[in-house]
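1. quick one: sequence and predicted model below, then my questions.
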Amino acid sequence: MKLDRPDDRGRFGDYGGRFAPETLMPALDELERAFEKAWSDPAFVQRYHDLLTSYVGRPTPQHIAGRLSEQLGVTVILKREDLAHTGAHKINNAMGQGLLVGEMGKRRLIAETGAGQHGVATATAAAYFGLECAIYMGEKDIERQRLNVYRMRLLGAEVIPVTSGAGTLKDATNEAMREWVRSVEYTHYTIGSVVGPHPFPWIVREFQKVIGEESIVQLGGTLPDVVVACVGGGSNAAGMFYPYLDLGIDLVGVEAGGLGIETGKHGASIGAGSPGVLHGSRTYMLQDADGQVIEAHSVSAGLDYPGVGPEHSYFADQGMARYESVTDAEALDAVDLLARTEGIIPAIESAHAIAWVARERASLAGKTVLVNLSGRGDKDVEQIAQIRGLL
Amino acid sequence: MSADRLRELFATVRAEGRTAFLPFMTAGLPDPELSPSVFRAIEGADAFEVGIPYSDPLMDGPTIQAAGQTALKAGTTLDRGLAIAGGVAETTGKPVIIMTYANVIFQVGSERFAAKAADVGASAVIVADLPIDEAGPIQAAVEAVGLGMVLFVAPTTDERRVAQIVAADPVFVYGVAELGVTGERKESGGHAARLSERVRALSKVPLVMGVGISTPEQASAMRPLADGVIVGSALVRAVLDAPDTDTALRDLALISRRIADALR
């Protein structure tokens, strides 16, 4: 059953909650109250949507990918979040939270970032609203997503390298949370996905559901057979799926299969993980028998994460959506496929969704498949060139 | 009832008009074999806080993070960590408090974890990422086997929450003396006095201050404010920084003795 919001303990069924240090609990309470008030205030909602229209460039286009459809024998519709300001869906949430911070009187934004898209979006929101900004990013991700590091710095944000763990998104999230524990009195943690302690998974889904809402309007009364989105933490998938729930549509989240599930080097938290507590909420995650978190692996920094949003765990258990995976190699091939058939270079994250459609084209033959193209691939060009030996 | 040993300790230190010294040390540092000697080197302890390492400790600064990684790499599992804690309880005769993170407990199950902790002779459990809102099932499991639950009060905790936390009857309240994660600090944020006042206005529950207390001076400053003081990072760093085990044990003895003396 589709839940408008988590229950009063911040849970979607068995998932979610608030496993956070006591120091943060009052800030989480304050954030929940501020969001509840703002989100039920038509004036705030109007300001948010005005901002999406005038600044973010919404609605983003949605169109049939003609040559791709012809090649796959599947009608593929693309929702073009890659055309939103800053190049990904992350801006919807960052501007929403930026607007909310105005209601709470905090002067500084911090955020974690993997691929750098959420870092860029948060730095953009900070510049727009006149706030200080610090972004935590794993050192491995700084290396493979350098373009976005420069963009954040151009926007006036401080980018803080995180060296703990594998130097990826999980570690950046740990460090952003630790910094929030220190500076919570004047800082808002602009979490970038539908993860973290309640109310974050709810807030981020609400600020992202505009994707699915627009998409339904743009389809003008016809509905697709299948809706596909990539899932790391799962914010673009949550925003796309939510309005499509309970309509009898096959919703497919595509996790990072990395080098193959059987190798243990992947980011398939739902596909190959088990329930536990990560970053403040109970959810599917990659862990060993002692509850130690296992490092994820993905060629895409944005999906290189050993957890997933708690609402996705709920969708998975309830059979409201299903979660599949594609490998690094399949995702990289899908970048080429979309580039050469449609003239669109997708982010490697978003290419996971395309790759699943390409792989499953036989079973999808004749169907209409809506793909959330969550971000553009400019940030990945250097990494892809390195992988292919072109640099 | 193992929690009673902690209650007796706080009754005694109150009667004696002093503040208890509760050193924290990561179990399995530098490795599971040497770890018991590290605990034995600590002088003047009234009780021990034994950290079961976790891969992603959100409430810990760089020192205790590094200690946890070292211990995990050296093969410290939950069972080995608990066995080390049991050894500390047995050899020192002091109460032992197990500190860890929620996922370590949930993975084995609250009841099984509590039973294991009771089996090794622990007195209480601290879970760094378990606020009162989520504490119910673990607290029930821990108390069912006679152990005490420790709950946190932070400088940011509002009056409604302080009341709720003391009403849950923790074996002691862990007062978070500084904003931020564990680790050494030169300057104090000055939050401890107000926090102590607020807890003591509502309850007689023992109050133990931790986070950011690393020098004898900082520990001594807590004497009028708390029934106990937790010192962690300063002791852990002595082990991490030492070139060899003998130096580590000697430094640890020296640092812990100075802090214990500052509390007498």
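-> That came in fine, so what should we check first? Numbers count the residues shown, from 1 in each chain, chains lettered A, B, ... in the order given.
2. make it CA atoms for all contacts and neighbour counts henceforth
-> Noted.
3. so residue A:296 belongs to a helix, correct?
-> No. Assigned with DSSP: H, G, I helix; E, B strand; the rest coil, residue A:296 falls outside any helix and is coil.
4. how much space between it and residue B:104?
-> As judged by CA to CA, to the nearest Å, residue A:296 and residue B:104 stand 19 Å apart.
5. would you map the strands across the stretch 1-150 of chain A?
-> Remark: strands assigned in the stretch 1-150 of chain A by DSSP state E, counting those that start in this stretch are A:11-12, A:15-16, A:62-64, A:75-80, A:108-113, A:132-138.
6. report the secondary structure state of the residue nearest to the spatial centre of chain B.
-> Note on chain B: the residue nearest the mean C-alpha position is residue B:49, at 3.7 Å, using CA atoms, centre = their mean. Following three-state DSSP, the label given to residue B:49 is strand.
7. again, but for residue B:143
-> Under three-state DSSP, residue B:143 falls in the helix class.
8. leaving out chain neighbours, which residue sits closest to it?
-> Once flanking residues are discounted, residue B:143 sits nearest to residue B:149: 7.0 Å by CA to CA, 6 or more residues apart in numbering or on different chains.
9. ok, residue B:83 next?
-> residue B:120 (6.5 Å).
10. same thing with residue A:188?
-> Using CA to CA, 6+ apart, the nearest residue to residue A:188 is residue A:109, at 5.1 Å.
11. residue contacts, the one you found?
-> Contact analysis of residue A:109 by CA atoms under 8 Å, 6 or more residues apart in numbering or on different chains lists A:122, A:126, A:131-134, A:187-190.
12. any idea how far residue B:23 lies from residue A:250?
-> Counting by CA to CA - residue B:23 and residue A:250 are separated by 55 Å.
13. one more: residue B:157?
-> 45 Å.
14. could you do residue B:25 as well?
-> Using CA to CA, residue B:25 is found at 51 Å from residue A:250.
15. those two: which has the busier surroundings?
-> Remark: of residue B:25 and residue A:250, residue B:25 carries more neighbours, 28 against 19, as counted by other CA atoms under 10 Å in any protein chain shown.
16. may I ask which of the contacts of residue A:109 has the most neighbours?
-> residue A:122 leads the contacts of residue A:109 on contacts (other CA under 10 Å) with 33 neighbours.
17. not counting sequence-adjacent ones, nearest residue to it?
-> Once flanking residues are discounted, residue A:122 sits nearest to residue A:94: 5.3 Å by CA to CA, 6+ apart.
18. check whether residue A:273 really touches residue A:283, as I assumed.
-> No. Counting by CA atoms under 8 Å, residue A:273 does not reach residue A:283; the two are 9.5 Å apart.
19. quick one, which of those two is more surrounded?
-> More crowded of residue A:273 and residue A:283, by other CA under 10 Å: residue A:283, with 30 against 19.
20. which helix or strand contains that one?
-> In the assignment (DSSP states H and E), residue A:283 maps to strand A:281-285.
21. is that strand anywhere near chain B?
-> No. For strand A:281-285, no contact with chain B is found by CA under 8 Å from any CA of the partner chain; the gap never falls below 8.9 Å.
22. which residues sit against that strand?
-> So strand A:281-285 is in contact with A:14-19, A:195-198, A:269-270, A:273-278, A:293, A:306-310, A:313, going by CA under 8 Å, 6+ apart.
23. contact partners for residue 236?
-> Looking at chain A here, since you left the chain open. Contacts were defined as CA under 8 Å, 6+ apart; by that measure residue A:236 touches A:89-90, A:208, A:211, A:229-230, A:372, A:374.
24. that's the wrong chain, I meant chain B
-> B:24-26, B:63-64, B:67.
25. mind listing what's buried in the helix or strand harbouring it?
-> Using DSSP H and E, residue B:236 maps to helix B:233-241. Buried residues in helix B:233-241, counted by 16 or more other CA atoms under 10 Å in any protein chain shown: B:233-240.
26. do the same with stretch A:336-352
-> A:336-338, A:344-352.
27. dump those residues to a markdown table, plus pLDDT.
-> What follows is these, written out as a markdown table (pLDDT from 0 to 100):
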| residue | pLDDT |
| --- | --- |
| A:336 | 98 |
| A:337 | 98 |
| A:338 | 98 |
| A:344 | 98 |
| A:345 | 98 |
| A:346 | 98 |
| A:347 | 98 |
| A:348 | 98 |
| A:349 | 98 |
| A:350 | 98 |
| A:351 | 98 |
| A:352 | 98 |
